[in-house]
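>>> Need a 3D model of the following:
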Amino acid sequence: MTDKKSVKSTESSQVQRETEQRRALRPPVDIYEEAEAITIRADLPGVSRDRLEVHVDGDNLTIEGEAAIDMPEEMEALYADVNVTRYRRSFTLSKELEAEKISAEMKNGELTLRLPKRAEVQPRKIAISAG
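Modelled structure (predicted):
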């Protein structure tokens with residue numbers, strides 16, 4: 001017969017592991033709006049391009065990245081201010097943006113996303129004809 005106490009501790013250990021896997025830091029971002037696009041810049045220190053995912057699902061944009069903290073083999077960390085190395089941030093996209101034309105660039109730990117606006121919502125100049 002299985003001891004109730006051991007089942008409970010096993011379940012709580014599993015819940016704790018799942019919670020730790022889901023925990024993530026929210027990277028700070030700067031958002032700029034221009035007439036033709038919106039630019040998002042996210043600080044993701046320690047995240048390389050191969051450990052970064054940016055995806056759009058419907059009207060949700062999600063940034064996820066895993067920071068790699070390389071330490072020499074002979075060293076051991078005694079203290080860490082941050083013990084979560086995963087970043088995650090989500091945004092709801094407006095219908096005025098063209099999600100299929102989003103571009104991304106990663107440079108020196110900074111992700112830059114450019115979200116172009118649909119042509120019909122961009123300002124345009126109207127030509128005036130001579131009457």
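>>> By residue count, what's the longest strand in the chain?
Ranked by residue count under DSSP state E, the longest strand found in the chain is strand 47-57.
>>> what are the ranges of the helices in this structure?
Taking DSSP state H, the helices of the chain run over residues 4-22.
>>> For it, name the helix or strand with the lowest mean pLDDT.
helix 4-22 (a mean of 52; mean pLDDT, DSSP states H and E).
>>> Give the closest residue to the residue nearest to the spatial centre of the chain in space, chain neighbours not counted.
Closest residue to the average C-alpha location of the chain: Ile63 at 2.0 Å, with CA atoms, centre = their mean. In this structure, Ile63 finds its nearest non-sequential neighbour in Arg89, 4.8 Å apart by CB to CB, 6 or more residues apart in numbering. Glycine gets a C-beta too; all of them are placed from N, C-alpha and C.
>>> Do I have it right that that neighbour meets Arg26?
Yes - assessed by CB atoms under 8 Å, Arg89 is found in contact with Arg26 at 5.5 Å.
>>> neighbour-wise, which of these two wins?
More neighbours surround Arg89 than the other of Arg89 and Arg26, with 19 against 11 (other CB atoms under 10 Å).
>>> hmm, back to that, so who does the residue nearest to the centre of the chain touch?
Contacts for Ile63 (CB atoms under 8 Å, 6 or more residues apart in numbering) come out as 27, 42, 44, 52-54, 87-90, 111, 113.
>>> Of those residues, select the buried ones using a PyMOL command.
Buried members of these, defined by 16 or more other CB atoms under 10 Å, are picked up in PyMOL with:
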select buried, resi 27+42+44+52+54+87+88+89+111+113
